[in-house]
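1. predicted structure and sequence below. I'll ask about it afterward.
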Number of protein chains: 2
Amino acid sequence: MRYLRADERCLICSLRQAENLLKKTINSPEKRWVIFREIFRIMSEMKWGLKPLEVNGEIHRFIMEYVKVEDPFKEEKERSNEMALKVVEMFKAEILNSADPVYSAAKLAASGNLIDLGIPGWKVEDIFEKLHEAYERPFDREDYEKFREALENASTLFYVADNAGEIVFDKFFMEVLKQQNPSLEIIVAVRGRPIINDATIEDAKQIGLDEVALVIDSGVEEPGVILDKATNEFRKAFFESDLVVSKGQGNFEGLYEEERSNLFFLLTAKCDFVAEILKVPVSGKVFVSSESL
Amino acid sequence: MRYLRADERCLICSLRQAENLLKKTINSPEKRWVIFREIFRIMSEMKWGLKPLEVNGEIHRFIMEYVKVEDPFKEEKERSNEMALKVVEMFKAEILNSADPVYSAAKLAASGNLIDLGIPGWKVEDIFEKLHEAYERPFDREDYEKFREALENASTLFYVADNAGEIVFDKFFMEVLKQQNPSLEIIVAVRGRPIINDATIEDAKQIGLDEVALVIDSGVEEPGVILDKATNEFRKAFFESDLVVSKGQGNFEGLYEEERSNLFFLLTAKCDFVAEILKVPVSGKVFVSSESL
């Protein structure tokens, strides 16, 4: 069985995420310093062998309890969703008229995982340009033919979503999949509680994800789904669907150890820890079968 | 009096430097994890109000005691020196024939603070190209006229050096200064003990820095000189010289609080903490009088 174990890079990355979250919620540098000391105390007791999501989750949970803000990224997520709803319209004709709309829509969904859509002051045109640049690059690693085969034989698809904003491109990808396989039933899972900019039920509703799929929540509060911590509903969907698409790096980390056929990871490798595992460069675009890892 | 206080950015940056140092000296990820837990324990007790160099110095000292390697960056520093000795020759004619060789040589010295010269596998031509690109950009902030005036009236210059490799460009800058003011006597200070890639006496000797200046060591083992921790010899040179050039970000951090006339900081702002203080963009090139800060 393969095993994903955090190393020191994950420790430092979790601290950078903590920094982002604290900058958003605590104005006083001195108070942030004091909270960091508490975080260091927690980290000084972290056992070797933890998964990156566990490191991250523990720090995130501590901060959220401390700052007592329900959803610090709410506005940013809403802005990302609104932006993505505009940008996706600029892609639709190009993708639907491409040689293989499924392939093209998958590429857009993976590219949407790379681009930060919520930057204040950015114009739709800027985002479109950046995203199109990313979209034009081919996958750095893919098992697309295998996915096509699995799609043709599937009647149920379970899609594990990642960030707000990005879910707009996931929704479009699902629409294209349904055009290809009209009887396909889709369940999509979002996070159980606000964590960073990950999509929750509320974010999914904002973009009408429930028009194409049954939206459930995973029950987890880590920035990626670990099956042990997920609801029974999530586990059932994961094991009983014909086909599973796991979106984004967090879910890749969480589901990497799971063994089932027709499980595909669609993501951009955002750090060199994950890029190393996937054998792609950092920022590499990946659509890979779990069985080929 | 101005005061430089570390914030959470410095904590995380120090950890990144710890990561670099540990990667060089400890092969086992599990062992590195255990050391990081110890570092977190130390950091969980760090008082608000420390200077960035104190944070950095404490972590560095702990690691050096743990790993028991005298100079982990020895090879890298030697390679940087060798590389810089070749590259500086490619700049000499251009700078000596420029409208103002002092200004041009200062720009090269500041640019040499940005470029990592010790990357294995890099060719002289690659380094020259990168460095020339940086060299061509003007200073983002400067009090050059003020420096020229001070230079003309100075009979002694104290130069606080920073990294190995880079010191080759500092040496060339000193040669140009002496052409301008032939009676100028120069003392240059390097670090008291190996710390990261900062220049020590040995590194200074490798490039013949003692041909143009009296080389002393600062006595400190932080990656920048804090006067309180420096030798009397260093303090004397700092206060009694007509003119002081403090090179690099570490020395800027260390000497920022000092008040004396004719103290100039020559550096590239490498992080947004320092860039913010200097009111320049990150990677901004600076040649600023202490009195204008």
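-> Okay, I see it. Numbers count the residues shown, from 1 in each chain, chains lettered A, B, ... in the order given.

2. every contact and neighbour count from this point should use C-alpha atoms.
-> Will do.

3. what about the residue in the stretch 101-250 of chain A positioned nearest to chain B, distance to A:Lys77?
-> Across the stretch 101-250 of chain A, the shortest distance to chain B (C-alpha to the nearest C-alpha) belongs to A:Ile119, at 18.5 Å. In this view, A:Ile119 and A:Lys77 are 10 Å apart by C-alpha to C-alpha, to the nearest Å.

4. so for these two, which residue has more residues nearby?
-> A:Lys77 (24 against 13; other C-alpha atoms under 10 Å in any protein chain shown).

5. which is the succeeding secondary structure element to the helix or strand where the more buried one lies?
-> According to DSSP states H and E, A:Lys77 maps onto helix A:74-96. Helices and strands here follow DSSP H and E; after helix A:74-96, the next one along the chain is helix A:101-112.

6. taking helix A:74-96 as reference, get the angle to that next one.
-> If you take axes from the mean of the first three to the mean of the last three C-alpha atoms, to 10 degrees, helix A:101-112 sits at 150 degrees to helix A:74-96.

7. tell me the average confidence for the very next helix or strand once past helix A:101-112?
-> Using DSSP H and E, the helix or strand that directly follows helix A:101-112 along the chain is helix A:124-136. For helix A:124-136, mean pLDDT rounds to 94.

8. now for helix A:124-136, which elements pack on it?
-> helix A:74-96, helix A:101-112 (3 or more C-alpha pairs under 8 Å, 6 or more residues apart in numbering or on different chains; DSSP states H and E).

9. ranges for the helices of chain A?
-> A:8-25, A:29-43, A:52-67, A:74-96, A:101-112, A:124-136, A:144-152, A:166-180, A:201-206, A:232-240, A:248-255, A:272-278 (DSSP state H).

10. out of those, deepest packed?
-> helix A:101-112 (a mean of 25; mean count of other C-alpha atoms under 10 Å in any protein chain shown).

11. that helix - what's its average pLDDT?
-> Averaging pLDDT residue by residue across helix A:101-112 gives 97.

12. same check on stretch A:68-81?
-> Rounded mean pLDDT across stretch A:68-81 is 91.

13. please identify which of the helices of chain A is closest to B:Glu185.
-> Among the helices of chain A, the nearest to B:Glu185 by C-alpha to C-alpha is helix A:29-43 (43.8 Å).

14. the residue minimising distance to the centre of chain A and B:Val188, how far apart?
-> Centroid-nearest residue in chain A, with C-alpha atoms, centre = their mean: A:Asp162, separated by 2.6 Å. A:Asp162 sits 55 Å away from B:Val188, going by C-alpha to C-alpha.

15. for A:Lys24, same thing?
-> 44 Å.

16. ok, now A:Met64?
-> 50 Å.

17. could you do A:Met1 as well?
-> For A:Met1, the distance to B:Val188 - C-alpha to C-alpha - is 58 Å.

18. neighbour count winner among these two?
-> The neighbour comparison of A:Met1 against B:Val188 (other C-alpha under 10 Å) goes to B:Val188, with 27 against 5.

19. show me what contacts the more buried one?
-> Contact partners of B:Val188, counting by C-alpha atoms under 8 Å, 6 or more residues apart in numbering or on different chains, are B:158-161, B:213-216.

20. how about CSV for these, with neighbour count and distance to A:Glu89 added?
-> Output for the contacts of B:Val188, formatted as CSV (neighbours: other C-alpha atoms under 10 Å in any protein chain shown; distance: C-alpha to C-alpha, whole Å):
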residue, neighbour count, distance to A:Glu89
B:Phe158, 24, 63
B:Tyr159, 26, 60
B:Val160, 29, 58
B:Ala161, 29, 56
B:Ala213, 20, 66
B:Leu214, 13, 68
B:Val215, 21, 66
B:Ile216, 21, 66
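
21. just the residues you listed: which are in strands?
-> Within those, residues falling in strands by DSSP state E are B:158-160, B:214-216.

22. skipping adjacent residues, who's closest to A:Pro229 in space?
-> That one is not Pro; residue A:229 is Lys. Excluding its sequence neighbours, the residue lying closest to A:Lys229 (C-alpha to C-alpha, 6 or more residues apart in numbering or on different chains) is A:Val220, at 6.0 Å.

23. make sure that neighbour is actually in contact with A:Ala189.
-> No - the pair A:Val220 / A:Ala189 is not scored as a contact, 10.5 Å apart, by C-alpha atoms under 8 Å.

24. neighbour-wise, which of the two wins?
-> Taking neighbours as other C-alpha under 10 Å, A:Val220 and A:Ala189 compare with A:Ala189 leading, 28 against 22.

25. my guess is the more buried one meets A:Ala161, correct?
-> Yes - assessed by C-alpha under 8 Å, A:Ala189 is found in contact with A:Ala161 at 5.8 Å.

26. list the contacts of the residue nearest to A:Lys229.
-> Applying C-alpha under 8 Å, 6+ apart, the residues near A:Val220 are A:191-193, A:226, A:229-231.

27. can we see that at 7 Å?
-> A:Val220 makes contact with A:191-193, A:229-230 under the criterion C-alpha atoms under 7 Å, 6 or more residues apart in numbering or on different chains.

28. any of the residues you listed buried? List them.
-> With neighbours counted by 16 or more other C-alpha atoms under 10 Å in any protein chain shown, those contain buried members at A:191-193, A:230.

29. rebuild those residues as TSV, extending it with pLDDT and distance to chain B.
-> Output for these, formatted as TSV (pLDDT from 0 to 100; distance: C-alpha to the nearest C-alpha, whole Å):
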residue	pLDDT	distance to chain B
A:Arg191	93	28
A:Gly192	86	29
A:Arg193	89	27
A:Ala230	96	28
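
30. interface residues of chain A facing chain B?
-> Contacts of chain A with chain B, taken as C-alpha under 7 Å from any C-alpha of the partner chain, map to A:7-8, A:12, A:15, A:29-30, A:33, A:37-38, A:40-41, A:43-45, A:48.

31. closest to B:Arg137 among those?
-> A:Ile12 (32.9 Å).

32. which residues touch the closest one?
-> By C-alpha under 7 Å, 6+ apart, the residues touching A:Ile12 are B:12, B:15.

33. now it: how far from A:Pro52?
-> For A:Ile12, the distance to A:Pro52 - C-alpha to C-alpha - is 11 Å.

34. likewise A:Thr156?
-> For A:Thr156, the distance to A:Pro52 equals 30 Å [C-alpha to C-alpha].

35. mind checking the end-to-end distance for stretch A:249-269?
-> Start-to-end, stretch A:249-269 (C-alpha to C-alpha) is 6 Å.

36. quick one on the thing from earlier: for the helices and strands packed on helix A:124-136, which one sits closest to B:Lys279?
-> Short answer: helix A:74-96, nearest of those by C-alpha to C-alpha, at 27.5 Å.

37. which residues does that closest one contact?
-> By C-alpha under 7 Å, 6+ apart, the list of residues contacting helix A:74-96 reads A:101, A:104-105, A:117-118, A:124, A:128, A:164-165, A:168-169, A:197, A:207.

38. tell me what angle it forms with helix A:124-136.
-> Using the same axes, to 10 degrees: helix A:74-96 against helix A:124-136 is 60 degrees.

39. next, the angle helix A:166-180 makes with helix A:74-96.
-> 30 degrees.

40. for helix A:74-96, output the C-alpha coordinates as PDB.
-> The C-alpha coordinates for helix A:74-96 follow below in PDB (Å, rounded to 0.1, in the frame of the first residue of the first chain):
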ATOM      1  CA  LYS A  74     -16.500  34.200   2.100                       C
ATOM      2  CA  GLU A  75     -16.100  37.400   0.000                       C
ATOM      3  CA  GLU A  76     -13.100  36.100  -1.900                       C
ATOM      4  CA  LYS A  77     -15.000  32.900  -2.700                       C
ATOM      5  CA  GLU A  78     -18.000  34.800  -3.900                       C
ATOM      6  CA  ARG A  79     -15.900  37.000  -6.000                       C
ATOM      7  CA  SER A  80     -14.100  34.000  -7.500                       C
ATOM      8  CA  ASN A  81     -17.500  32.400  -8.300                       C
ATOM      9  CA  GLU A  82     -18.700  35.500 -10.000                       C
ATOM     10  CA  MET A  83     -15.500  36.000 -12.000                       C
ATOM     11  CA  ALA A  84     -15.500  32.300 -13.100                       C
ATOM     12  CA  LEU A  85     -19.100  32.500 -14.200                       C
ATOM     13  CA  LYS A  86     -18.200  35.300 -16.600                       C
ATOM     14  CA  VAL A  87     -14.900  33.700 -17.700                       C
ATOM     15  CA  VAL A  88     -16.400  30.300 -18.500                       C
ATOM     16  CA  GLU A  89     -18.700  31.900 -21.000                       C
ATOM     17  CA  MET A  90     -15.700  33.100 -22.900                       C
ATOM     18  CA  PHE A  91     -14.400  29.600 -23.200                       C
ATOM     19  CA  LYS A  92     -17.600  27.700 -24.000                       C
ATOM     20  CA  ALA A  93     -17.700  28.100 -27.800                       C
ATOM     21  CA  GLU A  94     -14.000  27.300 -28.200                       C
ATOM     22  CA  ILE A  95     -14.300  24.200 -26.100                       C
ATOM     23  CA  LEU A  96     -17.500  22.900 -27.600                       C
END
